[in-house]
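Enquirer: Here is my input; please provide its structure:
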Amino acid sequence: MSRAFFDTNILIYQLDKRDVKKRALARDLFKQKAIAGDAVISTQVLQEFYVAATVKLHVDPLLVKSIIHMFENMEVVVVGKDLINEAVDASLQYKLSFWDSLIVVSAESAKCESLYTEDLNAGQIIRTVKIINPLKSAATS
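Expert: A predicted model of the protein is given here:
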């Protein structure tokens with residue numbers, strides 16, 4: 001079992017019609033991990049997903065709400081004061097934005113081995129979590 005945390009941007013690509021390659025890669029990866037029970041997200045990701053999907057992609061809010069209900073079938077890390085404090089520490093230690101740090105510590109708290117994102121340096125290990133950009137090959141082709 002290789003648990004993976006999904007950052008918002010990877011989930012958003014599943015809906016993005018502007019980049020067919022990235023959409024297909026994001027969908028395939030997420031489906032594979034979700035079916036295996038290895039996909040993890042957080043309440044932060046759910047919130048960001050709703051806003052990005054409705055504001056940036058102009059997806060109908062009711063459709064986004066139904067997608068969010070499907071995400072609830074996987075493990076969802078609840079962001080509380082302890083994770084916020086951890087994120088502040090990680091932000092200072094690793095010179096990351098608070099929001100990126102919150103994603104990392106959420107992944108770590110769920111014992112995820114990897115974090116799928118476009119926002120951090122692929123290959124880097126932050127705390128115990130390896131950063132993977134699964135869409136990197138699509139960006140260069």
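Enquirer: going forward, measure contacts and count neighbours with C-alpha atoms only.
Expert: Will do.
Enquirer: ok, what's across the strand from the nearest residue to Glu75 once chain neighbours are set aside?
Expert: Excluding its sequence neighbours, the residue lying closest to Glu75 (CA to CA, 6 or more residues apart in numbering) is Val40, at 5.0 Å. Beta-bridge pairing for Val40 (DSSP bridges): Phe5, Glu75.
Enquirer: Going by secondary structure, Gln44 is in what exactly?
Expert: helix 43-51 (DSSP states H and E).
Enquirer: Strands of this protein, start to end?
Expert: In the chain, the segments counted as strands under DSSP state E are 4-6, 39-42, 75-77, 114-116, 125-126, 129-132.
Enquirer: who wins for proximity to Leu92 among those?
Expert: The closest of the strands of the chain to Leu92 is strand 125-126. By CA to CA, the value is 12.5 Å.
Enquirer: Spell out which strands sit alongside the closest one in the sheet and which way each one runs.
Expert: Strand pairing (DSSP bridges) places strand 125-126 next to strand 129-132 (antiparallel).
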